Structures are given as structure tokens and as C-alpha cells.
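Novice: how does the following fold in three dimensions:
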Amino acid sequence: MKKIIIILLLIHNSPVTAETLWKLGAGIGNITANSYPGSGETETVTSPIPYLKVKTEWFDLDREGLHTNWFKQTNFRVDFTFDLGLPVESEKSSLRTGMDDLEPVGLVGPMLIYQLEDSEQLKWQLQLPLAYAYAFDDLDAHSIGWSMNPRIYFNYLIKNSGYPIDVSVSLGPVYSSDQFHQYYYDVSTADVMTGRDEYHAEDGSAGYRFNLSVTQRVDSYWLGLYVRYQNISDAVFVDSPLVSENDYWFVAVGASWLFAGNL
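Specialist: Model (predicted):
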């Protein structure tokens, strides 16, 4: 809810000129993912997805986040990114039997960018996002620390067809606070059982992460594929009894009908 309010305020207060462009749509998406990195168990979720894209003098908004235009004459830029973590029902998880459920997690924060190459068709960037994490119980949110993923980012627009394909790839290590790791990997004294010893996670490495995004707009339709892979073999929490494997996969596909706007 807070994210939606912030976006609406930015749009409302942005100077509306002939250069202000926007597009609104709605569709459906499917997510297949491990419950959390290291769980070894898979969840599948199908749900409606909104589509909103805005371009103004001061900022651009799309599925990747909020892109500011604060440093137009330099190679630096500051963006704001959004991410999510799926809820986990512990009764459906063999590792978390008898433990509290994991609430859905939202991550939001600034991202410092240094642009190595920036053209209409090709972008190379060094990105440093710092995301603050919040677990949501209905509309009640509480902080669970922070996570960062310094990475190299590549974006290429394939123009060899009437409908260009936008491909983005990023790769880099992941570091998180002890509070963030504890939310997922701690085992308290009350939760100890045979095969599940007490465990308390520390801050530090959460492995490395690879992201792939492929999207295409065809007339009034938007099609998208997103893949995330995270390897946690060298993560500080790898010895937690709530970890059963070193690989994490998140795969999402979606389609939206774009029904309003001038973009």
C-alpha cells in the first residue's frame, strides 16, 4: 500500500507536459519458485498482474522500479527498486513443520548505478541496490533487515523483427543483515525437534544471484519471462537445518492487455 501511495504522489506532482507518457494494462501471471533459497520445495502461484509504465521529465516508472533523471549530465543515476518474497505455509513444508508461517516479504530501496554504456539498443551498468525488507501481516508491516546485491547489468534490445525483444541479464553476489537471514533460517529453542537443531543465522554472504528477463510488446499486448537463480553453497546460513539444497529457482511468466495510455 505504501508503495502505491508513493507512486501516485510522484505521478500527481510531476509536471504534466506533452512529453509525459503513460500506459496502463492488466493481465495474468504464473510464478513457480522454491519457497525460499535453500528450501528445496516448490510453490506455484497464479494471479492477476497490473501493468503500469510512466515516463515524465523527472522519472520513469516500469516493472523494474522507479528510474530518476537526477544526474542527466553524468554516468551516475539513482533508481528505486522493488522486490518480493513469497509467503510460506509451514504445515506444507517438511523443514518447517510446527514453526510459524513466513509472511509475504516486500523489499524496497535505492539503487546507485554507474553507466558503462548507454544507448537506445545497448546498456551496460554497474548496479548497487540496497533493499529494506518488510514482512506483511495483512496491512501491518514490520522490518526484517536489509539485503544488497551488487551486480553487473546488461540490457539489449533485439530489433530484427517488427516487435523488438527486450533482454536483460544481471549477475552478482548477495549480502544480507543478520535479521533478514534470521527471518528465514533461525530455529529457536521452542522449534527444536529430531533432525532440527537450534540455529541462529549471522549477517554476511547469501551466495550469488543471476537474473534473466525477456519481454516483448506486440501491439496492445505485453509478454514477459523472468528467471532468477541463486546459489547459496557459500552462504553464511548454509548449515541451517532449514536448508536442504544449494540452488534456488524463481520463474515467472505473464501476459498483459494494454488498454489505456499514450505510450
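Novice: ok, residue 34 - how many residues close by?
Specialist: Residues within reach of residue 34, counting by other Cβ atoms under 10 Å, total 20. (Each C-beta comes from the backbone N, C-alpha and C, glycine too.)
Novice: my bad, residue 128
Specialist: With neighbours defined by other Cβ under 10 Å, the count for residue 128 comes to 14.
Novice: ok, residue 74 - how many residues close by?
Specialist: Here the neighbour count serves as a burial measure; for residue 74 (other Cβ under 10 Å) it reads 9.
Novice: ugh, typo on my part, it should be residue 93
Specialist: A count of neighbours around residue 93, defined by other Cβ under 10 Å, yields 19.
Novice: hang on, isn't it packed against residue 42?
Specialist: No: in this structure, residue 93 sits apart from residue 42 without contact. The criterion is Cβ atoms under 8 Å, and the distance is 10.9 Å.
Novice: which neighbours do these two share?
Specialist: Taking Cβ atoms under 8 Å, 6 or more residues apart in numbering as the contact definition, residue 93 and residue 42 share the neighbouring residues residue 35.
Novice: surely residue 182 is within a helix?
Specialist: Yes: with the criterion set as DSSP: H, G, I helix; E, B strand; the rest coil, the secondary structure at residue 182 is a helix.
Novice: pLDDT score assigned to residue 95?
Specialist: Residue 95 is assigned a pLDDT of 95 by the prediction.
Novice: what about it, distance to residue 185?
Specialist: 10 Å (Cβ to Cβ, to the nearest Å).
Novice: neighbour count: these two, which is higher?
Specialist: The neighbour comparison of residue 95 against residue 185 (other Cβ under 10 Å) goes to residue 185, with 24 against 21.
Novice: residue 59 contacts residue 68, correct?
Specialist: Yes: applying Cβ under 8 Å, one finds residue 59 in contact with residue 68, separated by 5.2 Å.
Novice: need the strands for this structure, in chain order.
Specialist: Assigned by DSSP state E, the chain shows strands spanning 21-34, 42-55, 59-62, 65-68, 76-85, 105-118, 122-137, 140-148, 151-158, 165-176, 204-218, 221-231, 247-261.
Novice: let me know which of the ones you listed is the nearest to residue 237.
Specialist: Evaluated over these, closeness to residue 237 peaks at strand 204-218, with 7.4 Å, by Cβ to Cβ.
Novice: which elements pack onto the closest one?
Specialist: Taking 3 or more Cβ pairs under 8 Å, 6 or more residues apart in numbering; DSSP states H and E as contact, the helices and strands that strand 204-218 lies on are strand 165-176, strand 221-231.
Novice: make CSV out of the ones you listed and add mean neighbour count.
Specialist: Output for the helices and strands packed on strand 204-218, formatted as CSV (neighbours: other Cβ atoms under 10 Å):
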stretch, mean neighbour count
strand 165-176, 17
strand 221-231, 17
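Novice: these: which one's closest to residue 193?
Specialist: Relative to residue 193, the nearest member of the helices and strands packed on strand 204-218 by Cβ to Cβ is strand 165-176, separated by 26.1 Å.
Novice: and residue 248, how many neighbours?
Specialist: Residues contacting residue 248 under the criterion other Cβ under 10 Å number 21.
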